[in-house]
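S.K.: How does the following fold in three dimensions:
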Amino acid sequence: MLKNIQEWTLLLLIFAVVSLIGNWAGYDVLPGAAIPGMIVLVLICLAGLIIQKLIPGNIPSVAYVAIVGILVSMPWMPGSEQIVEWTNSVNLLALATPILAYAGIAIGRSWTDFVKLGWRSIVVAMLVMIGTFLGSAIIAEIILRVQGII
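M.R.: Below is the predicted model of the structure:
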């Protein structure tokens, strides 16, 4: 268990550093201002991962991470106002970028598994991406027209 915690901590710290850089570059939030929020997020993730290993059952760790995050940010929880203030300085997209990059690398390393999915999966994935792009563009067009920006 200790080895798992060390690996999780290292991985989460790498994500934290990359996210801090992305938060700074993309959203002009200085790393010094975002470090307390990032530390809180890393600790919440670690707590959820540890709880998942300790509690028997087949519940994914992301559920435990979400539960811990919700509990520590509830208004009746001591220190929740400070936690919410700290984590507000960390932008969600700055967090998502390194995680999605890691997922892409993990999929790219397993080409044999990808090939087993077959060409139909590639067609479905491309249609999903095109549909998401077009849907986002249509929604943006409508909102911008309603607001009179375009």
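
S.K.: secondary structure class for residue 56?
M.R.: Secondary structure, DSSP: H, G, I helix; E, B strand; the rest coil: residue 56 is coil.

S.K.: Ramachandran coordinates for it?
M.R.: Dihedral pair for residue 56: phi -70, psi 150, per degrees, to the nearest 10.

S.K.: what's the domain layout of this protein?
M.R.: Under the assignment automatic domain parsing, the domains of the chain span 2-109, 118-150.

S.K.: and the longest one, average pLDDT?
M.R.: For domain 2-109, the per-residue pLDDT values average out at 89.

S.K.: tell me the centre residue of this protein?
M.R.: The structure's the chain has its C-alpha centroid closest to residue 96; by Cα atoms, centre = their mean the separation is 4.2 Å.

S.K.: Mind telling me what element that residue is part of?
M.R.: Per DSSP states H and E, residue 96 falls inside helix 92-109.

S.K.: Can you spell out which helices and strands pack onto that helix?
M.R.: helix 2-27 (3 or more Cβ pairs under 8 Å, 6 or more residues apart in numbering; DSSP states H and E). Quick note: C-beta positions are derived from backbone N, CA and C, even for glycine.

S.K.: Try it again at 10 Å.
M.R.: Judged by 3 or more Cβ pairs under 10 Å, 6 or more residues apart in numbering; DSSP states H and E, helix 92-109 is in contact with helix 2-27, helix 31-54, helix 111-117.

S.K.: Going by neighbour count, list what's buried in it.
M.R.: Across helix 92-109, burial judged by 16 or more other Cβ atoms under 10 Å covers 94, 95, 97, 98.
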